[in-house]
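S.K.: take this sequence and fold it.
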Amino acid sequence: MRIRHVLEHCLLILEEEPPSGNSAARDTRWVFLGSDPSGVDLEVIAVETEGGRLLVIYAMELRPRYRAPYAEVER
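M.R.: Numbering: from 1, shown residues only. Down below sits the predicted model:
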């Protein structure tokens with residue numbers, strides 16, 4: 001429920017290249033930044049499947065690397 005809420009109500013979506021040095025990670029990542037229903041800021045990372053759907057591969061509380069861009073759009 002928390003992840004779905006962020007995907008549906010995110011304030012910022014970032015596009016990131018796959019991590020270098022990992023030949024298995026070929027897909028562009030979509031980073032969704034937003035708050036869950038209780039107000040906790042989260043980052044949710046997804047890739048697009050061949051069928052055009054999003055597959056969430058990672059979710060956690062917002063890390064410092066995303067704080068500045070997230071704070072910018074919160075204003």
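
S.K.: C-alpha from now on. contacts and neighbour counts both.
M.R.: Will do.

S.K.: what's the local residue count around Glu48?
M.R.: 14 (other C-alpha atoms under 10 Å).

S.K.: could you do Leu14 as well?
M.R.: 12.

S.K.: surely Val40 meets Glu61?
M.R.: Yes: counting by C-alpha atoms under 8 Å, Val40 does reach Glu61; the two are 7.2 Å apart.

S.K.: need the residues touching each of these two.
M.R.: With contacts defined as C-alpha atoms under 8 Å, 6 or more residues apart in numbering, no residue is adjacent to both Val40 and Glu61.

S.K.: and what about the closest residue to Ile3 other than its chain neighbours, helix, strand or coil?
M.R.: Of all residues not flanking Ile3 in the chain, Val44 sits nearest, at 6.8 Å (C-alpha to C-alpha, 6 or more residues apart in numbering). Of the three states, Val44 takes strand according to DSSP: H, G, I helix; E, B strand; the rest coil.

S.K.: Val44 pairs with what?
M.R.: Phe32, Ala59 (DSSP bridges).

S.K.: so it makes contact with Leu55?
M.R.: No: Val44 lies out of contact with Leu55 (C-alpha under 8 Å); the separation is 10.3 Å.

S.K.: all set, thanks.
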